[in-house]
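1. Fold the following and give me the result.
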Amino acid sequence: MKVKSPLEVYKFLPQTNCGECGYDTCMSFAAQIIDRSVKPTDCPPLVEKAKTDKKFEKKLNELIELTSPEVAEVVIGTGESAVKIGGEDVLHRHELTFFNPPPFFFDVWDTLDEAQIDERCKKVVEYRKFYVGDYITLEGIAVRCTSNDPEKFRSVAKKVSEYGKPMILISLNPECMRAALEEVADKKPLIYAATEDNWKDFLQLALEFNVPVTLRSKNLDTLKSMAKTFKDAGVKEIVLDPVTEPLGDGLRGTFERVVQLRRTGILGEDKDVAYPIMVTPIAAWLVEGDEVTKGYWEAVIAGTFIVKYADIMIFRNLEQYTVMPSVILRYNIYTDPRTPVQVEPGLREINSPGPEDPVFITTNFALTYYTVESDLSSNNIKGWLLVLDTEGLGVEVSVAGGQFTAAKVKDLIQQTGIEQKVNHKNLVIPGLAARLQGAIEDETGWSVFVGPMDSGRIKGWLEKNWPPESKE
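-> Next up, the predicted model:
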């Protein structure tokens with residue numbers, strides 16, 4: 001069994017608290033190993049002792065084995081744009097967390113003209129969606145060989161590589177794949193795909209060019225056999241494609257194969273199938289219907305397997321009705337459930353407020369903060385927004401749990417110096433914090449007004465309640 005807590009890791013460390021790793025204590029270092037911020041080999045004393053002492057060498061090797069992910073990690077691309085896939089330890093995110101969000105690759109094909117290729121590549125490169133304080137982007141481009149012409153495929157692969165995104169090269173023809181790899185192997189693309197018919201050639205290509213390779217089969221025994229063969233031959237980076245079928249019994253079969261692969265890899269501890277899993281929402285384009293229908297089914301397939309174990313995906317449709325629900329769901333599933341997404345507490349100035357403008361307060365849970373900030377900004381409301389440190393919890397939960405208290409509000413008022421920025425002492429609290437009204441007034445000496453439950457209604461609330469009548 002893998003180690004899951006810092007205390008389990010600590011037992012393998014020197015326990016001298018020497019600080020050579022950059023952390024004050026061995027226990028702190030152990031916690032960073034669990035979070036994958038560092039590796040066991042980042043402990044200098046352990047590494048040095050392992051060079052001369054068999055006991056410590058065994059300890060180090062055992063710790064590396066026990067802290068390596070259950071599912072192998074594969075890197076596609078190079079430099080800052082490279083993406084990691086796989087590397088997961090658990091079946092359910094609440095057990096620990098999911099570490100590597102599945103990158104989304106969007107296809108181009110080598111029978112498109114140059115303008116069409118440029119248009120699609122630019123859409124992938126330029127996509128940015130602001131969500132909960134982050135910009136969400138698209139990770140890569142899948143280049144499909146529809147010409148079956150090695151030189152044509154080579155040329156388009158080179159063109160696409162200039163956009164700087166990680167790539168998947170798609171062709172079942174070894175000659176076409178070789179031509180493309182001769183041009184772009186240094187970019188470390190994922191090659192797709194080795195099958196029962198061409199696996200010998202693809203094994204040779206993966207070894208010769210040192211690139212990750214996808215193995216494709218609906219038969220899981222065949223997939224396992226190919227994976228073992230590639231591994232034994234020296235291929236270290238393998239991706240499994242159990243074949244995505246878009247509708248009905250086919251989609252159900254896909255789901256069952258994906259779940260079986262991941263459960264076997266983690267719970268069954270079968271390292272022959274403990275590799276990243278590819279799912280291809282682009283298979284929706286086999287469904288009859290117009291582009292909107294196919295784009296809808298891409299989003300359905302993507303949503304299903306973002307939740308259940310896809311480590312990498314290939315799409316076709318670049319319209320928002322496919323992309324946006326997919327990227328938002330992925331973001332939410334791959335946030336760390338142990339650490340709520342939060343912003344820095346403090347004071348924010350919304351729309352250049354003056355001393356007469358209202359003072360609001362909210363929590364530092366990122367979704368709450370950005371909702372309130374957006375509602376104020378978009379409605380052209382001038383105001384001061386106090387952001388209370390509630391350990392990343394929302395208003396209702398933090399009020400109930402004791403993270404949103406009158407004493408903490410008083411401290412925040414003092415720390416931010418808001419009293420020197422306004423010529424009144426009126427504070428608007430969220431409707432969900434109404435029960436704290438009296439306590440905050442007693443603690444701070446401010447007049448407290450209970451705002452609406454929904455920050456989207458603040459504008460209407462202000463029209464009726466601001467400036468407030470004196471409570472004297």
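
2. ok, residues contacting the worst-scoring helix or strand of the chain on mean pLDDT?
-> When the helices and strands of the chain are compared on mean pLDDT, DSSP states H and E, helix 54-67 comes out lowest with a mean of 87. With C-beta atoms under 8 Å, 6 or more residues apart in numbering as the test, helix 54-67 has contacts from 2-3, 8-9, 12, 33-34, 39-41, 46-47, 49-51. All C-beta spots, glycine's among them, are computed from the backbone N, C-alpha and C.

3. I'd like the distance from it to the chain centre, please.
-> 30 Å (C-alpha atoms, centre = their mean, to the nearest Å).

4. buried set for it?
-> Buried residues in helix 54-67, counted by 16 or more other C-beta atoms under 10 Å: Phe56, Lys59, Leu60, Leu63, Leu66, Thr67.

5. Quick check: longest helix in the chain by residues?
-> helix 248-266 (DSSP state H).

6. all strands for the stretch 51-200 of the chain, in order.
-> 73-76, 83-86, 104-109, 129-131, 134-136, 140-144, 167-170, 190-194 (DSSP state E, counting those that start in this stretch).

7. Quick check: Phe130 vs Gly383, distance?
-> 21 Å (C-beta to C-beta, to the nearest Å).

8. okay, those two: which has more neighbours?
-> Between Phe130 and Gly383, counted using other C-beta atoms under 10 Å, the more crowded position is Gly383 (21 against 10).

9. What would the least confident helix or strand of the chain look like as CSV? C-alpha coordinates only.
-> Output of helix 54-67 as CSV, limited to C-alpha atoms (Å, rounded to 0.1, in the frame of the first residue of the first chain):
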residue,chain,number,x,y,z
LYS,A,54,22.8,-0.3,2.3
LYS,A,55,20.1,0.2,5.0
PHE,A,56,19.6,3.8,4.0
GLU,A,57,19.7,2.9,0.3
LYS,A,58,16.9,0.4,0.9
LYS,A,59,15.0,3.1,2.9
LEU,A,60,15.3,5.6,0.1
ASN,A,61,14.3,3.1,-2.6
GLU,A,62,11.3,2.0,-0.5
LEU,A,63,10.2,5.5,0.1
ILE,A,64,10.4,6.4,-3.6
GLU,A,65,8.3,3.3,-4.4
LEU,A,66,5.8,4.1,-1.7
THR,A,67,5.3,7.7,-2.7
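
10. Take the buried residues of helix 54-67 and write them to TSV, including distance to Thr339.
-> As requested, the buried residues of helix 54-67 are exported to TSV (distance: C-beta to C-beta, whole Å):
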residue	distance to Thr339
Phe56	33
Lys59	30
Leu60	29
Leu63	24
Leu66	23
Thr67	20
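
11. Among those, pick out the one closest to Tyr321, please.
-> Thr67 (41.2 Å; C-beta to C-beta).

12. pLDDT wise, what is the nearest residue to Trp199 once chain neighbours are set aside at?
-> With C-beta to C-beta, 6 or more residues apart in numbering as the criterion, Trp199 has its nearest non-adjacent residue at 5.7 Å, and that residue is Met226. For Met226, the pLDDT comes out at 98.

13. and Met226, what element?
-> Per DSSP states H and E: Met226 is located in helix 220-233.

14. That helix: how far from the chain's middle?
-> 29 Å.

15. Return the set of buried residues in it.
-> So for helix 220-233, counting by 16+ other C-beta under 10 Å, buried means Leu220, Leu223, Lys224, Ser225, Met226, Ala227, Thr229, Phe230.

16. so who does the second one touch?
-> Contact analysis of Leu223 by C-beta under 8 Å, 6+ apart lists Leu215, Arg216, Ser217, Leu240, Pro242, Leu261, Val273.
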